[in-house]
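Student: here you go, sequence then predicted model.
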Amino acid sequence: MIPIGKYWTIGSPCCSSEHNEPVRSLVIPVAVLARARRAADAFRQLTGVDVDAAELLAGRAGLLGLSPQRLISAGGATRLMRSGDGWCALTLSRQDDIDAVPALIESDAVGDDPWPGVEHWVADNTTADVTARARLLGLPAAALGETHAAPPRIATLGAVARPREPSGLLVADLSSMWAGPLCGQLLARAGATVVKVETARRPDGTRAGASSFFDWMNSGKLSYVASFDEPSGLRRLLEAADVIIESSRPAALAHRGLGPTDVAPREGRVWVRITGHGAVGEQAGWVAFGDDAAVSGGLVDGTDSDPAFCGDAIADPLTGLHGALSGVEALSRGGGELIELSMAAVAATYAADDRAAETRCTAMPVTASPARKLGADNALVERMLTERRLAPC
């Protein structure tokens with residue numbers, strides 16, 4: 001075994017690669033990788049599809065050459081900061097987040113780099129005050145270890161069908177970024193027809209980033225551009241879908257009459273809802289990204305008094321994996337279920353394990369084909385929906 005700081009590695013899971021870009025390895029707790037592998041094995045038993053858990057956790061870092069720098073996340077947008085009474089995390093990944101910094105710290109004296117002012121303000125306030133004010137402004141924030149471990153919440157959605165596998169089923173993937181798209185990607189690997197839904201005004205934000213990551217998450221899916229101003233096409237898709245994946249705040253779809261109880265029922269439908277902090281109460285409105293959600297669940301490196309980021313936005317791939325597993329488990333029961341997964345609660349479940357031993361994961365995913373261009377399959381999807389509507393029951 002090779003020492004990594006004060007820890008020990010017991011292996012180096014790797015993925016073969018045809019790429020020549022530099023690859024960064026991620027240090028992952030052995031127990032976290034082991035639990036993720038058990039989930040991947042359960043997915044394989046239900047679908048026959050092999051899933052490399054190490055690749056899911058380290059793949060983005062390998063593709064983009066990322067690694068966390070203790071208090072700075074691998075992607076660079078999230079910081080762990082000491083407050084007046086503990087630790088908290090804040091993500092500034094969107095321009096709107098950066099624009100909100102003066103209101104957050106109650107000062108217009110914010111330079112090109114907002115972080116010094118934020119860190120100074122955080123140090124002078126309690127964690128509760130920091131997170132409350134950040135969340136009031138719609139910023140992704142978290143207090144270290146504030147979320148308790150919890151399994152997915154499952155509610156009855158409609159009539160149960162016969163047990164099914166994902167192969168041949170229609171999946172409407174309304175999610176974006178990482179956790180939801182990974183859930184859809186795994187179902188696509190299992191043979192489902194996955195339709196990635198975006199709007200022209202607000203496409204998935206990862207389209208604007210590195211194509212290698214977007215392709216990894218969305219290759220093999222059909223691309224459908226919908227309009228929330230005239231949602232008739234989207235409604236037809238949702239009504240025909242056997243599985244629906246969403247990762248927006250719960251009120252977003254309900255406000256448009258497109259929530260789980262608004263869409264016409266379909267026998268055996270499974271609705272997978274991925275949130276940052278849950279779908280009930282004030283937490284339903286809290287924004288989250290993978291790194292701050294992991295901090296909320298206590299899934300960090302180091303100790304509670306001296307924490308550091310663990311992996312790369314680790315709550316995202318873990319939640320995507322468990323979302324896919326929960327979906328196929330529901331299908332095996334006949335469906336008719338609404339499944340809600342909180343990224344922070346998933347992270348907390350993994351944080352409960354002994355994380356002292358760590359290992360290096362190095363992965364470079366290879367995507368067979370690029371993801372489809374935005375809206376490239378609208379005509380195909382519309383034709384497919386017509387055929388499904390006319391098909392005999």
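Tutor: Thanks, I have the structure now. Keep in mind the model is a prediction, meaning the values are calculated, not measured.
Student: P102 contacts V110, doesn't it?
Tutor: Yes: the criterion here is C-beta atoms under 8 Å, and P102 meets it with V110 at 5.3 Å. (C-beta placed from N, C-alpha, C; glycine too.)
Student: more neighbours, these two?
Tutor: Legend: neighbour count by other C-beta atoms under 10 Å for P102 and V110, higher for V110 (17 against 14).
Student: quick one, phi/psi of the more buried one?
Tutor: phi -120, psi 120 (degrees, to the nearest 10).
Student: if I look at it, how far off is Q95?
Tutor: 14 Å (C-beta to C-beta, to the nearest Å).
Student: also L187?
Tutor: Applying C-beta to C-beta to L187 and Q95 gives a distance of 32 Å.
Student: then A123?
Tutor: Applying C-beta to C-beta to A123 and Q95 gives a distance of 25 Å.
Student: again with G191
Tutor: On the measure of C-beta to C-beta, G191 and Q95 end up 39 Å apart.
Student: who's more crowded, these two?
Tutor: Between G191 and Q95, G191 has the larger neighbour count (other C-beta under 10 Å), namely 15 against 8.
Student: name the element that one belongs to?
Tutor: For G191, there is no host helix or strand (DSSP states H and E).
Student: how's this structure carved up into domains?
Tutor: 78-143, 148-290+297-354+367-390 (automatic domain parsing).
Student: which stretches of this protein have low pLDDT?
Tutor: 1-23, 392-393 (pLDDT under 70).
Student: repeat that with 50
Tutor: Along the chain, the parts satisfying pLDDT under 50 run over 1-20, 22.
Student: which residue ranges of it form helices?
Tutor: 30-47, 53-64, 95-99, 101-105, 115-123, 127-136, 179-189, 211-218, 232-240, 250-255, 290-296, 315-332, 343-351, 378-390 (DSSP state H).
Student: check contacts around A100.
Tutor: 137-139 (C-beta atoms under 8 Å, 6 or more residues apart in numbering).
Student: run the last query once more with 10 Å
Tutor: 92, 94, 114, 134, 136-139 (C-beta atoms under 10 Å, 6 or more residues apart in numbering).
Student: of those, closest to V243?
Tutor: Using C-beta to C-beta, R94 comes nearest to V243 of the contacts of A100, at 28.5 Å.
Student: how many residues are close by the closest residue to that closest one other than its chain neighbours?
Tutor: In this structure, R94 finds its nearest non-sequential neighbour in G205, 7.8 Å apart by C-beta to C-beta, 6 or more residues apart in numbering. Residues contacting G205 under the criterion other C-beta under 10 Å number 12.
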